[in-house]
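Asker: Prediction below, plus the sequence it came from.
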Amino acid sequence: MGTGERNQEAHVSEGTTGATNRAAARPAASADRAADTADRTAASADRAADTADHTAATAPGTPATADRTAAASAPRTLAESLRARSDESLAALLRIRPDLLNPVPSDLTQLATRAGTRASVVRALERLDTFASQTAQVLAVAPEPAPYDAVRALLVGDDGDPAVEAALPGTLAALREQALVWGGDDRLRLVRTARELLAPSPHHPSPTGLGPTVAEATAGMSPGRVQEILQAAGLPATHDPVSAVAALTSLFTDRARMADLLDTAPTEALTVLDRLVWGPPYGEVSADPPPPVRWLRDHGLLLPASARTVVLPREVALHLRAGRAHRTTEPVPPAVAPLREYRPQVVDAAAAGQAFTALTTVEDLLAEWNEGGPAVLRAGGLSVRDLKRTAAALDTSEQIAAFWLELAYAAGLLASDGEADERYAPTPDYDEWLDLPPAERWARLAVAWLTATRTAGLVGEQDAKGRTLSALGPDLDRSPTPEVRHRVLTLLTTLPEATSADPGSLLARLRWEHPARSGPEDLRPRLAQWTLSEAELLGVTGRGALTTHGRTLLAPASGAADREALGLLAAKALAPHLPEPVDHVLLQADLTAVAPGPLRRPLAAMLGVLADIESKGGATVYRFTAGSVRRALDAGQTAADLQAFLTEHSRTPVPQPLSYLIDDVARRHGHLRVGAASAYVRCDDEAMLGEILADKRSQPLRLRRLAPTVLATTAEPAALLDGLRSMGYAPAAESAEGDVLITRADARRTPRRTAPAPVPDGPPRPDETLLDAAVRAIRAGDTAATVVRKEQPEAARGALPRTSSAETLATVQAAAMTGSVVWIGYVNAEGSASQRVIAPVRVEGGFVTAYDHTADEVRTYALHRITGVAELSDDPA
């Protein structure tokens, strides 16, 4: 046994001597061969049982012949079970397991084969809830086929459980609908692949903690050893190993006799059983085990799995468990517990305030990058240093800054520009987004967040290769993210209106719904926690409770158009709670302006150029400085324009200090002109140029006089502009023609980009049109594959029909005259061969026009491409 296996097993004795003997030196491969033999024996037993069932069902005079019609209608395979389904049931299967549609199966046999593949079964098992998983696990350890009562007994045990008995019929129906279980209630079968995945084996313990049956555990045991166990258990000897195993199984499944046997067991032996009963059922023993273990082994209560390992048989464990396969059965999902209840108006108002803050934050973020954002890393994404700068600019933490960045990116408002020195910048969609009403802007962000697979919470963590995951990087997509977000918010709708949920109960519910994915590496609990915090930041929830506009977003949507429509409805519900934009400010004598609420877009844009934001809150404070006024002049405004703008939009008179500041900066603005030589400075005032040359602060610019009114430098024009401005001058940039260049804040935009597409978790869900077409195609293909044909030569069975050209023509013409249906083999222009069931209508010009039952439409076939034709049998049986 390997180290991992020993770690999974319970040690049944401590302080063993560790002495070795010939049995202990037996290679570990013997255990593997024994296990393989047990598996082959069990499989042979299953096949023998199937044969016996079929024989018993057909033998005259047996009870099974009492209702031959029911026996004949019972499906023998999964394909037959699918064939008996209605079209609605097949569509439901394809809707639940969309991977079965890629590509569309040719018939029901191929659909059944695909439904039993390992990848598809694993995907289906992962989507089961806890009770459905427990039911499937019970079917994997129950005899095959298992009657309904046997499955129920393994779930409820000897004591019974009304909740389990109430939930079991619906759960079995759901497993049947997903094609994981088939057969009637008297012969329930788990799909073979699922049984192999869930059944216990030495290398793969069962989730139930049960071990192999007595028959499986004794498959490699010598007949003499089996007889010794019978004798120790007080059972009479038998003539063959099969009857001996049956006698031992009968003992272990008899509650009264088993209780009598355990009454004679030493106390220490019962302690050993208690340690193994709920799994793992394997225990490691020494060559000379202690007396309690020896007593259990001699009486067959522990059976050897290898030279140093014993196993607790399934029948013994079930007796000790009072017949239950699981320690705790969970038929009912845990309820989401309420945490606190609010008035709906309070929740909607709080969420609206946060929604407005979200809009402001995204605008501030992209305004910060208006003239070109930080560089893109070579591997993609934002550097840690740039993320810290962005967080400082937004006055928030790096994790929350990463969320806003990812949100803007998912909404298509932010992207890389694709240049040689690639940088991030707003997209043209950002300008269109700014023109929308506030509620619609929020709706676009909310819809993008709800459907995006980008997971901002992973920023700063490391991937499997030890690389740090960066914001806006390529490795942040997680397929389950949209599903978890939608499910968490949907669970909030189960609470009374305006009620927040207890996070612990919410996570417990998610674990019940997806137990197969639970574990230390399961991302779902963290995704749920991030969803709650991000929904609060975005204003989908308020004070932890789902809002009215948040509920609107969760309505079912079949595509992008439906989601956009839901977003507009949510925006309509949010709009009354958002503050109304104002069209004025209050100018103050200390060179500040107070905006008493959110400003209208043109006013906010202009004021953002003319002044710097000093503080935010219920009211935004702007401060006018020489630099901010110069910025407005660089954007093409004049002093008169600025004075008129402030007079129009201020509820208070324009203070004199502000007027002086504007006039003073405007008087000096553009007196110096900077162009590209590399760079030059020209000015009509020679004294001013001399003053600049004499200033020590100009030495880093390396200026030299070319003419009385011109200075030149090797620095770039932008660096020269910044240098002169830092010295207190107000230079203006000019073009090669000598015209003043107007600088606009929104000059840098990326080419038009599409928002990043979410990475789907498996195949997309099919729409009703595709489902209807797929079901009709599968039915038609199955009709062609299973149609009863007239007897063909042995060599032709299973192949395309082969007839001569004259015979083909004669048969098709006769079918057209009599209106009968024939079976043809056809090779198309690409050389692909297929079988068709057609009803010929007309034969002329080398072509046959017929109704094709396989394609469910009228088609025309070239006679020279028909390989042969065969008549269908008149007897449908």
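Answerer: All right, it came through fine.

Asker: what stretches of the chain score poorly on pLDDT?
Answerer: Applying pLDDT under 70 to the chain flags the ranges 1-73, 516-521, 558, 673, 675-677, 742-747, 787-800, 873-877.

Asker: In it, spot the strand with the most residues.
Answerer: In the chain, assigned by DSSP state E, the strand with the most residues is strand 833-844.

Asker: Just the CA trace of it, in CSV.
Answerer: What follows is strand 833-844, C-alpha atoms only, in CSV (Å, rounded to 0.1, in the frame of the first residue of the first chain):
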residue,chain,number,x,y,z
ALA,A,833,-22.1,7.4,-46.2
SER,A,834,-25.3,7.4,-44.3
GLN,A,835,-28.5,5.3,-44.0
ARG,A,836,-31.9,6.8,-44.8
VAL,A,837,-35.5,5.8,-44.4
ILE,A,838,-37.5,7.4,-47.2
ALA,A,839,-40.9,7.4,-48.8
PRO,A,840,-40.4,7.9,-52.6
VAL,A,841,-42.8,10.4,-54.2
ARG,A,842,-41.4,10.8,-57.7
VAL,A,843,-38.6,9.2,-59.8
GLU,A,844,-37.4,11.0,-62.9
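
Asker: That one - contacts with which helices or strands?
Answerer: Under the contact criterion of 3 or more Cβ pairs under 8 Å, 6 or more residues apart in numbering; DSSP states H and E, strand 833-844 touches helix 768-786, helix 805-818, strand 822-827, strand 847-852, strand 857-862. Bear in mind the C-beta positions are built from the backbone N, C-alpha and C, glycine included.

Asker: Residues contacting the fourth one, please?
Answerer: So the one you mean is strand 847-852. 812, 816, 836-843, 857-863, 866 (Cβ atoms under 8 Å, 6 or more residues apart in numbering).

Asker: Now do that strand and helix 805-818, the angle between them.
Answerer: Counting by axes from the mean of the first three to the mean of the last three Cα atoms, to 10 degrees, strand 847-852 points 50 degrees away from the direction of helix 805-818.

Asker: Sheet partners, orientation included, of strand 847-852?
Answerer: Taking DSSP bridges as the criterion, strand 847-852 forms sheet pairs with strand 833-844 (antiparallel), strand 857-862 (antiparallel).

Asker: tell me the angle of it relative to helix 768-786?
Answerer: Per the same axes, to 10 degrees, the angle that strand 847-852 makes with helix 768-786 is 110 degrees.

Asker: quick one on the thing from earlier: put together CSV for the helices and strands packed on strand 833-844, with mean neighbour count and distance to Leu523 on each row.
Answerer: What follows is the helices and strands packed on strand 833-844, written out as CSV (neighbours: other Cβ atoms under 10 Å; distance: least, Cβ to Cβ, whole Å):
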stretch, mean neighbour count, distance to Leu523
helix 768-786, 17, 30
helix 805-818, 15, 61
strand 822-827, 22, 51
strand 847-852, 19, 49
strand 857-862, 13, 47
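
Asker: Columns distance to Tyr622 on top of the ones you listed, output as a markdown table?
Answerer: Formatted as a markdown table, the helices and strands packed on strand 833-844 follow (distance: least, Cβ to Cβ, whole Å):
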| stretch | distance to Tyr622 |
| --- | --- |
| helix 768-786 | 55 |
| helix 805-818 | 87 |
| strand 822-827 | 79 |
| strand 847-852 | 75 |
| strand 857-862 | 70 |
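
Asker: if we compare those, which one ends up closest to Arg668?
Answerer: Among the helices and strands packed on strand 833-844, helix 768-786 comes nearest to Arg668, with 69.8 Å by Cβ to Cβ.

Asker: Check the offset of that closest one from the chain's centre.
Answerer: With Cα atoms, centre = their mean, to the nearest Å as the basis, helix 768-786 stands 29 Å off its chain's centre.

Asker: for stretch 391-410, same thing?
Answerer: Per Cα atoms, centre = their mean, the displacement of stretch 391-410 from the mean C-alpha position of its chain is 24 Å.

Asker: right, and Val459 touches Leu476 too?
Answerer: Yes. Under the criterion of Cβ atoms under 8 Å, Val459 makes contact with Leu476 at 7.1 Å.

Asker: Find the residues that touch each one of these two.
Answerer: Common contact partners of Val459 and Leu476 (Cβ under 8 Å, 6+ apart): Glu406, Leu469.
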